[in-house]
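Student: Structure here, sequence nowhere to be found:
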């Protein structure tokens, strides 16, 4: 009899451990959504008047963006993205909203535009890669290939 209760107890423990493992597995495969950035709502953007508001009044009405136009400071860009994280996979951007407020040289609002992920395209902001002009030749082959081209008078000349 004692062996039967011991087996029943071991069976219950194994069942509980299997249930806990299944629960953890299910939780690990659940998608997690994360939001990054800030975009003003439509009613806030409606308060910005093109041709009248300035940088200062826009900052008071909808706040300053986290990224500004870098080249000539004629635009403010509000960016918000939504990412889906699913287990060990790379996060996937599922939504992006960009609000661009452009200014004239005098600092007056020139235009307000809203763009989505479907309007954009992926671009390289900064590409710091030097492409080799020698294709298909390894470094060792380049080194060994130049051995016979060096003459003694090249090394001794002033």
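Tutor: Structure received. It should be emphasised that the depicted structure is a prediction, and the values quoted were computed from it without experimental measurement.
Student: Which residue ranges of the protein form strands?
Tutor: Listed in chain order, the strands of the chain (DSSP state E) span 31-37, 67-68, 75-86, 92-103, 109-116.
Student: This structure: helices as residue ranges?
Tutor: In the chain, the segments counted as helices under DSSP state H are 2-28, 42-45, 55-62, 139-145, 152-156.
Student: helices and strands around the second one, which ones?
Tutor: This means helix 42-45. Packing contacts for helix 42-45, counted by 3 or more Cβ pairs under 8 Å, 6 or more residues apart in numbering; DSSP states H and E, involve helix 55-62. Yep, even glycine has a C-beta here, placed from its N, CA and C like the rest.
Student: For the helix it packs on, name the packing helices and strands.
Tutor: Applying 3+ Cβ pairs under 8 Å, 6+ apart, we find helix 55-62 packed against helix 42-45, strand 75-86.
Student: one step back: can you tell me which of the strands of the chain the model trusts least?
Tutor: Lowest mean pLDDT within those: strand 67-68, a mean of 56.
Student: that older thread, quick one, which of the helices and strands packed on helix 55-62 gets closest to residue 11.
Tutor: strand 75-86 (34.5 Å; Cβ to Cβ).
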